[in-house]
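have a look; sequence and predicted model below, questions after that.
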Amino acid sequence: MNVSRINIDDLNAVLKVEVVAADYINNWNATIVKYRKTAKIPGFRPGHVPVGLIKKQYGKAALAEELNKLVNDALFNHIKENNIEVLGNPIPKEGSDVKGNFDSPETFEFEYEIGLSPVINLNLSSKSTFDYNLIDVDDKLIEKQVEDLRRRYGKLSNVEEVSGNEMLMVQLVELTNENENKDGGLNNSSTISLEFLEDDNTKSLFVGKKTGESLIVNPANISKGASDMASMLGIRQEELHGVSDSFRVTINEIKRMEMAELDQELFDKLFGPETVNSEEELRDRVKKDLENMFSNDSERLFTKTVYNHLMENTALPLPDAFLKRWIAISNEKKISIEQIEAEYDAYSQSLKWQLIQGFIFKSNNIQLNNEEVIDFTKVLLVNNYAQYGIPAPEDKELTESAIRVLTNKEEANRIYDMMAEQKLTQYFKETVKINERKVSYDDFVSLASK
């Protein structure tokens with residue numbers, strides 16, 4: 001058996017596989033013998049059917065199966081032995097038929113197209129400078145976090161009059177243009193959190209109202225978008241068309257949040273007994289916790305910035321025509337050319353990043369070994385336990401749990417992706433020049449959303 005390679009261009013080649021009778025004859029004959037032992041043909045006892053008749057009925061199918069196996073093995077071995085970096089898998093050459101005679105089998109010749117991985121040159125070195133943005137945890141952020149903690153551990157109490165930031169239990173009734181109850185109109189109980197209303201004019205309408213009083217409002221002004229409005233009215237989003245823009249809102253209950261006092265009881269609930277003992281220590285702890293939390297966001301934004309740079313500045317041509325054919329042939333479900341064309345850009349961008357990431361890992365000997373993966377998974381489990389205030393189990397049990405998690409393919413892939421991103425971030429930080437700078441929270445959010 002002989003495999004030869006014909007280069008079409010830098011990204012495409014054809015592998016020609018020549019199979020002679022000596023390559024397949026023994027296995028083919030052995031298969032015929034097996035068929036003979038089990039074949040049931042009228043007029044012949046099992047195992048006594050003439051070989052010629054078996055070959056006539058089953059020979060071509062058995063030969064095709066044997067040739068397919070031989071060719072696939074030959075292609076795989078040739079690619080492996082010659083270290084050919086391919087994209088996808090070999091596919092039969094378009095417009096080329098198998099050369100050979102199944103009626104009088106001797107030599108067969110097959111041609112397969114392969115897509116070649118492009119040469120990668122990364123524009124990344126110690127001369128490359130990237131911003132590393134750190135959120136400035138100022139007094140405003142600290143105060144907001146302290147208020148959130150006080151609210152989380154506060155309690156709701158009933159009051160008689162709205163002052164501006166209460167939670168209202170209301171009844172919403174749909175009205176006509178004349179502000180009369182609409183026949184068959186919507187009628188639903190819901191809640192309104194005045195604190196989060198964006199329309200100040202509407203919010204002011206509620207101030208001073210008491211339990212049992214009503215007012216007329218546009219439901220769009222007391223909700224955040226179509227989904228929230230539909231939920232508030234008790235309908236599906238697609239049913240919003242035709243709904244009136246006037247509703248009578250009757251206040252059934254007014255609940256005001258009484259925020260927790262900044263005292264030792266709250267400090268102990270938040271951080272454990274006597275870990276924090278004053279407001280000053282609370283704010284210091286909040287600042288430290290926020291900085292730790294935001295550091296992960298800084299890492300992700302930095303990695304995203306380098307990723308965008310590499311994607312935009314790395315010339316990486318692909319064998320597009322080959323890949324489109326390969327997608328069509330290898331897809332389990334039939335896929336149209338139009339669908340491939342529509343989705344190909346996203347696919348090629350994803351493949352481009354896979355090639356860049358693979359090149360970085362290979363050229364820098366970055367690996368994810370089994371022990372590291374298990375240790376990483378154990379840390380994730382410990383953090384999950386901590387979230388729910390549950391102490392982590394002993395190391396042996398924790399290791400067994402981590403191994404069980406990794407048997408789930410979806411979870412394992414997610415964990416490997418997280419670890420790969422961590423490794424990439426570390427590589428980027430060690431390779432490029434970093435310009436560390438502090439930015440406001442709002443500016444950071446704006447940068448991250450780009």
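The structure has been received and is ready for your questions.

quick check: next helix or strand after the longest helix belonging to the chain?
Longest among the helix segments of the chain by residue count, using DSSP state H, is helix 279-313. Later in the chain than helix 279-313, the nearest helix or strand by DSSP states H and E is helix 320-330.

what helices and strands are in contact with whichever helix or strand comes after that following helix?
Following the chain from helix 320-330 toward its C-terminal end, the next helix or strand by DSSP H and E is helix 337-363. Taking 3 or more Cβ pairs under 8 Å, 6 or more residues apart in numbering; DSSP states H and E as contact, the helices and strands that helix 337-363 lies on are helix 279-313, helix 320-330, helix 409-431. The way it works is simple: take the backbone N, C-alpha and C, and place the C-beta from them, glycine included.

list of residues touching the worst-scoring helix or strand of the chain on mean pLDDT?
Each helix and strand of the chain was given a mean pLDDT (mean pLDDT, DSSP states H and E); the minimum falls on helix 51-54 at a mean of 81. Contact with helix 51-54 is made by 32, 35-36, 39, 41, 44, as judged by Cβ atoms under 8 Å, 6 or more residues apart in numbering.

just those now: which is nearest Val86?
When the contacts of helix 51-54 are compared for distance to Val86, the smallest value, 34.9 Å, is given by Ile32; criterion: Cβ to Cβ.

so which bits of stretch 239-255 are buried?
Residues of stretch 239-255 classed as buried under the neighbour-count rule (16 or more other Cβ atoms under 10 Å) are 243, 246-251, 254-255.

among those, which two are most distant?
Every pair in the buried residues of stretch 239-255 was compared (Cβ to Cβ); the two farthest apart turn out to be Val243 and Lys255, at 26.9 Å.

turn the contacts of helix 51-54 into a markdown table, columns for pLDDT.
Formatted as a markdown table, the entries for those read as follows, by pLDDT from 0 to 100:
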| residue | pLDDT |
| --- | --- |
| Ile32 | 87 |
| Tyr35 | 82 |
| Arg36 | 83 |
| Ala39 | 77 |
| Ile41 | 78 |
| Phe44 | 80 |
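
how does this structure divide into domains?
Split into domains by automatic domain parsing, the chain comes to 2-116, 155-258, 277-448.

which one, of the ones you listed, ends up nearest to Ile135?
When these are compared (using Cβ to Cβ), the closest one is domain 277-448, at 4.3 Å.

pLDDT below threshold where in the stretch 1-150 of the chain?
Regions of the stretch 1-150 of the chain meeting the criterion pLDDT under 70 are absent.

surely Phe102 is in a strand?
No - looking at Phe102 with DSSP: H, G, I helix; E, B strand; the rest coil, it is coil, so not inside a strand.

in what helix or strand does the closest residue to it other than its chain neighbours lie?
For Phe102, the nearest residue in space outside its immediate sequence neighbours is Lys60; the separation is 4.9 Å by Cβ to Cβ, 6 or more residues apart in numbering. Here Lys60, judged by DSSP H and E, is contained in helix 60-81.

which elements pack onto that helix?
Packed against helix 60-81, as judged by 3+ Cβ pairs under 8 Å, 6+ apart, are the following elements: strand 2-7, strand 12-19, helix 21-38, strand 86-92, strand 108-116.

buried stuff in it?
Counting neighbours by 16+ other Cβ under 10 Å, helix 60-81 gives 62-63, 66-67, 70-71, 74-75, 78-79 as buried.

and of the residues you listed, the nearest to Met167?
Of all those, the one with the least separation from Met167 (Cβ to Cβ) is Ile79, at 65.2 Å.

doesn't Glu261 make contact with Gly154?
No - the pair Gly154 and Glu261 fails to qualify as a contact (Cβ atoms under 8 Å) at a distance of 9.1 Å.

give me the more crowded residue out of the two.
Here Gly154 and Glu261 are compared on neighbour count by other Cβ atoms under 10 Å; more neighbours surround Gly154, at 16 against 11.

ok, now which ones touch the more buried one?
257-260.

and those residues, which are buried?
Buried members of those, counted by 16+ other Cβ under 10 Å: 257, 259-260.

so which of the residues you listed are in strands?
Applying DSSP state E to these, the entries found in strands are Met257.

who does Leu134 bridge with?
Beta-bridge pairing of Leu134, defined through DSSP bridges, involves Lys438.
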